[in-house]
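> Would you be able to build a 3D model of this:
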Amino acid sequence: MNTTPPTYYHGTRADLKIGDLIEVGFTSNYGTQRKSKYIYLSATLEAATWGAELAFGDGKERIYIVELTGSIEDDPNLTDKKFPGNPTKSYRSQHPFKVVGEVEKWQGHSPEQLKTMKDHLQKLREQGIEAIED
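As a prediction, this is how the structure comes out:
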């Protein structure tokens, strides 16, 4: 039986340091940029890559390795609506995540893939559908 805990990632444009806490109550990286009720993470580098690439702001795209300080739940924005069974291993929490490292080298999506995703998100916004629903 594998008892090694999963590695969790958080994609963002925030400039954080080892030991910093990522907490609820800050402006969301997505959607209408309201104060977040949840913070999001993934156990896959792929989902964290999308998080970094799609985050608002002009800062450097970053993927942090984070440690849990409390419970997590499946991210209903993805699992219930797009990927039943949570194959993206995307989660959310109201408990802080502690930054324990940064993924220095990672491969972003192609410009075409990124444009397709941004166009899709724009169409959803035009339809009044939020990317993140708390």
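
> Going by C-alpha atoms from here, please, whenever you check contacts or count neighbours.
Noted.

> and the next element down the chain from the worst-scoring helix or strand of the chain on mean pLDDT?
Lowest by mean pLDDT, DSSP states H and E among the helices and strands of the chain is helix 76-79, with a mean of 69. Counting by DSSP states H and E, the next helix or strand C-terminal to helix 76-79 is strand 90-93.

> hey, where'd the helices end up in this protein?
Ranges of helices in the chain, per DSSP state H, are 45-54, 76-79, 111-126.

> Show me what the first one is packed against.
To tie it back to what came earlier, the one meant is helix 45-54. strand 8-12, strand 62-68 (3 or more Cα pairs under 8 Å, 6 or more residues apart in numbering; DSSP states H and E).

> Direction included, what does the last one pair against?
In other words, strand 62-68. strand 8-12 (antiparallel), strand 97-102 (antiparallel) (DSSP bridges).

> Just say which of the helices and strands packed on helix 45-54 is most tucked in.
Of all those, strand 8-12 has the most neighbours on average by mean count of other Cα atoms under 10 Å, namely a mean of 27.

> Pull the contacting residues for T3.
With contact set as Cα atoms under 8 Å, 6 or more residues apart in numbering, T3 has no partners.

> Distance check, Q122 against E61.
Applying Cα to Cα, to the nearest Å, the value for Q122 to E61 is 20 Å.
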